[in-house]
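Undergrad: sequence below, structure please.
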Amino acid sequence: MKKAKVGLIIWVIGFLASIVLILLKLTTIYTIINALSFIAFIIGLVYLAKAKGYSGWLGLMGIFYFVGLIFIALLKDKTNENSKNKSNKLAYGFLVFILLMTVIGVILSLSIATINPFQQLLKAETITCTNQCANSADKNICISNCLNKYKTGNP
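TA: Next up, the predicted model:
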């Protein structure tokens, strides 16, 4: 059980660190930390499955992330009664943690999204107008008129 806790706690720390790293836009370090914490998550589930009296191979269900954790959390403990309560509390605690972090992750992703679809659309319109006005005598006026047409909805 201690090895399962260590693996899953390392995963939690890595998960939280990866949130900070992505907010700081340190994507390379984020990828490395995220991969290492995912490996710790799998190892933690392997030991959790063993602690419940099952083969460690069941811990590889963690590859399916949320589904794998639910599966292992819902497994009945084959060991003694005292161990049953501890392993179920651990699994359910991490299940609640994943739910909370998923909600926080979605909220953070939406709040720090770097792609502005309206800006991307404006770039596409500008390129279109630039191409259309390539042979015009006064390119600037032509492009301005073209963009105004897009703004009013009459391209």
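Undergrad: alpha carbons only for contacts and neighbour counts from here, please
TA: Fine.
Undergrad: in terms of secondary structure, what does the helix or strand harbouring Phe71 contact?
TA: Per DSSP states H and E: Phe71 is located in helix 66-74. Using 3 or more C-alpha pairs under 8 Å, 6 or more residues apart in numbering; DSSP states H and E, the elements in contact with helix 66-74 are helix 27-51, helix 81-111.
Undergrad: among the ones you listed, which is nearest Lys149?
TA: helix 81-111 (31.0 Å; C-alpha to C-alpha).
Undergrad: can you give the domain ranges for the protein?
TA: As given by automatic domain parsing, the domain ranges for the chain are 2-111, 117-152.
Undergrad: name the residues of stretch 33-52 that come out as buried.
TA: 33-35, 37-52 (16 or more other C-alpha atoms under 10 Å).
Undergrad: stretch 11-22 too?
TA: 11-12, 14-15, 17-19, 21-22.
Undergrad: next one: stretch 54-65
TA: Those would be 54, 56, 58-62, for stretch 54-65 by 16+ other C-alpha under 10 Å.
Undergrad: can you give me the mean pLDDT across it?
TA: Throughout stretch 54-65, pLDDT has a mean value of 85.
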